[in-house]
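Participant: Just the structure for this:
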Amino acid sequence: MNFRCFAVLISVLQLWLTTVTGHGLHLPLYRRGGRFLRRQAANLTDLDDIMHQVEARYSLTHRQIKGNHLVRQWRVKEQEAEDENDENLIDVAGYDNRWFTQLEIGEPRQKIEVEIDMLNPDFYTIATTSGMGSRYDPTASTTHVPNDDTVHSICKSPSDIFHFPTHDSSSSFSSLRLTFPICTPSKASRQSLSRSGTVLGLSPPASISPSLSLSLSRLTSPPLLSQLHNAGLITEQIFSITLLDAESGILSLGGTIAREVEMTKLRSTIELEHFGDPSASPQWVAEQVDGQMEQRMPSEMKWDEHFKWMDVRGAKGWWTGLMAGVWVNGVKILKFQPILLDINSPFILAPALATTHLYSAISGSHPLTRNQTQLPHHGAANFYTYPCLNPPVIVLELGGWMFPLPTGHGVLTNWDAMHGPDGGGFSLGKKDTHSHHEEDDDGDDDDNRDGGSGFCVGNIVGRYVDPLSRMEKEQKKQFSDSGPGLADTWVLGEPVFRGLGVVFDLERDRVGFRTY
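Facilitator: The predicted model follows:
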């Protein structure tokens, strides 16, 4: 894609894609807390803390055999097994570095923020007394229908009208009544001090595989995609995520934006090439777009033929699979790597050994020692630096196709180039040369040398050697089951979604990729 036209593409897509179209329901995505990285030195202490929080979420599950399947289930704390006010059900909304969308509900309409969660399938709202967060008020909606049936010990199952804008008119909406569980912690519980909010779970849901109905669902209510599909608002139980820049994107339910992106790119190219040409009327441009679109994406071509597909593998419950290879500067250095896709990880996390292999193939890179990072945690993340002016070319082999990561300077939007970190799309920021000084055996000042040559911290970070034991040590919690089984797994987080269209097919257990 020509990133010089990326700003045009973003503005056009954001203008009309928040709609219901023939290709699904398209909603805006926002990053809570704004962009993750700015033009400043990498704060390794903050980055390490954020990474610990991400790893802790994965440590909340374990694998178990159910029937003929290996499934993923929530881990149970022995001392809290009887506590109905589950903090992992309640205290999950409103945190920074999470992606969310917005929905309108009820009459008069309330706009609520909806957190995206790719690690569970449940769709519900949280109502606490803290006064914090984005709260849905059922008493203020005339279309709210109470229902005392419980889908969890602290969750009832009422319904209300949701309003989705259509593409036909900015004032036209498609309204649909949906089951919308409300979870309220007991007033005596400390969870009543948590933020209110709404969660949209997008992991493979229970309804697709009835035999696994209790794998990761905490609630017995239907997921959102199942409700939209049963109501006929969408025809496919799929969703796709495309990040347009560092703090916004598009969530498509029941479809993708592949066709819309190609049309927008074509229209922008044709209009720019014929700018000032009196014969280039809107009708003529539309005819040119239609003609070229028929060549690129014939109308008889099925939607899934626009993507390269990877089957979901491993313990059922998350979007896990197998990455065929990792290429650095044209050389394949790793093959057959297990992966987990999670938009709420701001990093690409890799096993420690894989991280060592990857950075050893990058000229000028070197690991940051514990003395250099000054990180307090035992088994802290493996951060590496590379020359800011010479970012590597890294390609991931997914679905039998090669997808380059946005690592260089030329793949950034203007806003990224002006306000993002030094070192291009691969950078977490420049190595701080003023916080700590360490002398090598030869007496040289290591930081001064790095600062003079301009080293940046890479966004592929080595995972903790044993995040489960670390969490148990620090939080002193005992669990009744085994670990999550992710020690050798890559977590493909937010950086991978930049410039890629990723579609998740819940019915066929597969993930599709396409470069935008």
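Participant: Tell me where the stretch 401-516 of the chain has helices.
Facilitator: 414-419, 446-453, 467-475, 494-497 (DSSP state H, counting those that start in this stretch).
Participant: and the third one, what's its mean pLDDT?
Facilitator: Per-residue pLDDT over helix 467-475 has a mean of 47.
Participant: Repeat that for stretch 128-136.
Facilitator: Mean predicted confidence for stretch 128-136 is 92.
Participant: got the buried residues for it?
Facilitator: 128, 133, 134, 135, 136 (16 or more other Cβ atoms under 10 Å). Just so you know, the C-beta spots here come from the backbone N, C-alpha and C atoms, and that holds for glycine as well.
Participant: same question, stretch 270-286
Facilitator: 270, 271.
Participant: okay, now the closest residue in space to residue 200 that isn't next to it in sequence: neighbour count?
Facilitator: The spatially closest residue to residue 200, leaving aside those adjacent along the chain, is residue 114, at 4.9 Å (Cβ to Cβ, 6 or more residues apart in numbering). Look at residue 114: counted by other Cβ atoms under 10 Å, it has 23 neighbours.
Participant: Contacts only, for residue 426.
Facilitator: 386, 391, 392, 394, 405, 406, 407, 408, 456, 458, 459, 460 (Cβ atoms under 8 Å, 6 or more residues apart in numbering).
Participant: can you do 6 Å?
Facilitator: 391, 407, 458, 459 (Cβ atoms under 6 Å, 6 or more residues apart in numbering).
Participant: which two in those residues are spaced the farthest apart?
Facilitator: 391 and 459 (10.4 Å; Cβ to Cβ).
Participant: In terms of neighbours, single out the busier of these two.
Facilitator: residue 459 (28 against 23).
Participant: Tell me if I'm right that that one and residue 424 touch.
Facilitator: No: contact between residue 459 and residue 424 fails when scored by Cβ atoms under 6 Å: they sit 10.0 Å apart.
Participant: thinking again about what came up before, out of the contacts of residue 426, which is nearest to residue 158?
Facilitator: Once Cβ to Cβ is applied, the member of those that ends up nearest residue 158 is residue 459, at 42.5 Å.
Participant: From residue 110, how far out is that closest one?
Facilitator: 37 Å (Cβ to Cβ, to the nearest Å).
Participant: In the chain, mark out all the helices, start to finish.
Facilitator: Along the chain, counting by DSSP state H, helices occupy 6-16, 44-58, 87-90, 224-230, 258-273, 282-296, 352-360, 370-373, 414-419, 446-453, 467-475, 494-497.
Participant: I'd say residue 516 and residue 501 touch.
Facilitator: Yes: counting by Cβ under 6 Å, residue 516 does reach residue 501; the two are 5.1 Å apart.
Participant: of these two, who's got more company?
Facilitator: residue 501 (22 against 19).
Participant: For the more buried one, which non-adjacent residue is spatially closest?
Facilitator: Counting by Cβ to Cβ, 6+ apart, the residue nearest residue 501 is residue 514, at 4.3 Å.
Participant: What is the neighbour count of that neighbour?
Facilitator: Count around residue 514 with other Cβ under 10 Å applied: 21.
Participant: Can you pull up the most central residue in this protein?
Facilitator: residue 343 (1.1 Å; Cα atoms, centre = their mean).
Participant: and residue 312, how many neighbours?
Facilitator: The burial count for residue 312: 20, using other Cβ under 10 Å.
Participant: list the contacts for it?
Facilitator: 321, 509.
Participant: got a pLDDT number for it?
Facilitator: 94.
Participant: end to end, how far does stretch 241-253 reach?
Facilitator: 9 Å (Cα to Cα, to the nearest Å).
Participant: Ignore what I typed, I meant stretch 178-187.
Facilitator: End to end - Cα to Cα - stretch 178-187 spans 27 Å.
Participant: tell me how far it is from the chain's mean position?
Facilitator: Centroid separation between stretch 178-187 and its chain, computed with Cα atoms, centre = their mean, to the nearest Å, is 25 Å.
Participant: In it, which residues are buried?
Facilitator: For stretch 178-187, by 16+ other Cβ under 10 Å, it's 178, 179, 180, 181, 182, 183, 184, 185.
Participant: Keep only those of the residues you listed that are in strands.
Facilitator: 178, 179, 182, 183 (DSSP state E).
Participant: Considering those, which is situated nearest to residue 53?
Facilitator: Out of those, the member with the shortest distance to residue 53 (by Cβ to Cβ) is residue 183, at 22.0 Å.
Participant: I figured that closest one hits residue 157, correct?
Facilitator: No: between residue 183 and residue 157 there is no contact under Cβ under 6 Å: 10.3 Å.
Participant: quick one: contacts for the spatially closest residue to residue 404 that is not a sequence neighbour?
Facilitator: Leaving aside its chain neighbours, residue 404 sits nearest to residue 395 (4.9 Å; criterion: Cβ to Cβ, 6+ apart). Residues in contact with residue 395 (Cβ under 6 Å, 6+ apart) are 327, 402, 404.
Participant: cutoff 10 Å now
Facilitator: 325-330, 332, 401-405, 407 (Cβ atoms under 10 Å, 6 or more residues apart in numbering).
Participant: for residue 385, same thing?
Facilitator: Counting by Cβ under 10 Å, 6+ apart, residue 385 has contacts 42, 359, 362, 364-368, 372, 423, 427-428, 430-431, 450, 453-458.
Participant: So which residues of the stretch 51-200 of the chain form strands?
Facilitator: 61-66, 69-74, 99-105, 110-117, 123-126, 150-152, 155-156, 159-165, 173-179, 182-183, 197-201 (DSSP state E, counting those that start in this stretch).
Participant: Including distance to residue 235, could the ones you listed go into CSV?
Facilitator: Output for the strands of the stretch 51-200 of the chain, formatted as CSV (distance: least, Cβ to Cβ, whole Å):
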stretch, distance to residue 235
strand 61-66, 31
strand 69-74, 28
strand 99-105, 20
strand 110-117, 22
strand 123-126, 19
strand 150-152, 27
strand 155-156, 30
strand 159-165, 15
strand 173-179, 14
strand 182-183, 29
strand 197-201, 20
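Participant: and residue 310, which of these is closest to it?
Facilitator: Here strand 69-74 is closest among these (Cβ to Cβ), at 18.2 Å.
Participant: and the closest one, what other elements does it pack with?
Facilitator: strand 61-66 (3 or more Cβ pairs under 10 Å, 6 or more residues apart in numbering; DSSP states H and E).
Participant: Quickly list what's touching both of residue 183 and residue 157.
Facilitator: In contact with both residue 183 and residue 157: 124, 151, 219, using Cβ under 10 Å, 6+ apart.
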